[in-house]
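what's the 3D shape of this:
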Amino acid sequence: MDFSQSSQSSQSFSSEEEEDPCTSQHMLVPQILRRVFIDDKTAKLVEFLLLKYQKKELVTKAEMLHIVDHNYHEHFPLIFKRVCECMCFGFGIDVRQGNSPSHTYDLVPVLGLTYKGIIGGDQIIPKIDLLIVILTVIFVKGNCVSEEDIGKVLRMRTMLPKRKNFLNEVRWKFVTEDLVQEQYLEYRQVPNSDPARYEFLWGPRAKAETSKMKVLEHLAKVNKIHPRSCPILFEQALREELKASVN
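Residues are numbered from 1 along each chain as shown. Below is the predicted model:
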């Protein structure tokens with residue numbers, strides 16, 4: 001899928017583009033998603049690092065080489081570079097080399113999200129980056145997103161190449177039940193709506209583990225811009241940072 005196709009898929013998210021460049025169709029979900037490219041050579045290693053991250057364990061080069069197919073060991077530096085980019089852009093985790101001579105690496109939570117309760121079992125990768133995308137969309141769209149818009153996000157993901165199959169009904173259950181149960185999302189009826197309509201907000205756990213400023217900094221890093229390039233979002237995030245520091 002090329003960038004023009006991505007942009008066309010995201011037209012419904014561009015209503016605020018004149019107010020703030022970060023809300024334009026070039027700066028939202030498609031741009032975040034297409035930065036994360038996972039192929040067969042890197043998928044197992046990414047999943048391994050995510051499990052290590054959940055356990056708060058260091059990872060060694062020897063462990064990573066054990067995960068990578070022996071036929072690709074000579075290409076490990078390139079594979080490792082791609083994996084580090086994926087961990088950063090896709091999951092908000094920096095892979096940083098430690099001071100130990102044994103080639104150990106620390107997994108640093110840039111976004112702050114722990115992912116506990118959703119890491120493990122099947123579909124680790126699509127579950128985690130779906131959470132990040134939804135939290136980002138909620139923030140950019142004014143702290144509240146309709147059920148219909150979240151549905152569009154899910155449909156957008158089905159067009160991305162090189163992705164494991166994550167069935168629509170499974171994704172919808174993950175969003176409306178699993179992430180709600182884990183308190184990453186709040187899923188509620190729109191007040192006074194008749195017929196009933198539903199919307200998504202950040203849940204208490206999302207608010208506790210990360211912040212709008214961290215999400216904005218991550219969004220800016222993915223798009224290679226400065227957070228202040230999005231003045232409306234930056235001011236909103238800064239207000240909440242200041243409010244939190246006072247409390």
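
distance check, V190 against I125.
32 Å (Cβ to Cβ, to the nearest Å). The C-beta positions use only the backbone N, C-alpha and C, and glycine is treated the same way.

can I assume I124 is in contact with F48?
No. The pair I124 / F48 is not scored as a contact, 9.8 Å apart, by Cβ atoms under 8 Å.

with neighbour numbers in mind, choose between the two.
The neighbour comparison of I124 against F48 (other Cβ atoms under 10 Å) goes to I124, with 21 against 18.

any weak-confidence spans in this structure?
Within the chain, the stretches with pLDDT under 70 are 1-38, 100-101, 120-122, 157-167, 247.

which stretches in it count as strands?
59-60, 93-97, 104-109, 145-146, 185-189, 198-202 (DSSP state E).

make TSV from the ones you listed and add mean neighbour count to it.
Formatted as TSV, those follow (neighbours: other Cβ atoms under 10 Å):
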stretch	mean neighbour count
strand 59-60	18
strand 93-97	16
strand 104-109	17
strand 145-146	18
strand 185-189	16
strand 198-202	18
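
need those strands in a markdown table (columns: distance to N168).
Below are those laid out as a markdown table (distance: least, Cβ to Cβ, whole Å):
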| stretch | distance to N168 |
| --- | --- |
| strand 59-60 | 34 |
| strand 93-97 | 27 |
| strand 104-109 | 30 |
| strand 145-146 | 18 |
| strand 185-189 | 17 |
| strand 198-202 | 17 |
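
so which of the ones you listed is nearest E209?
strand 104-109 (8.5 Å; Cβ to Cβ).

neighbouring strands - and their directions - for that closest one?
Sheet pairing of strand 104-109 (DSSP bridges) gives strand 59-60 (antiparallel), strand 93-97 (antiparallel).
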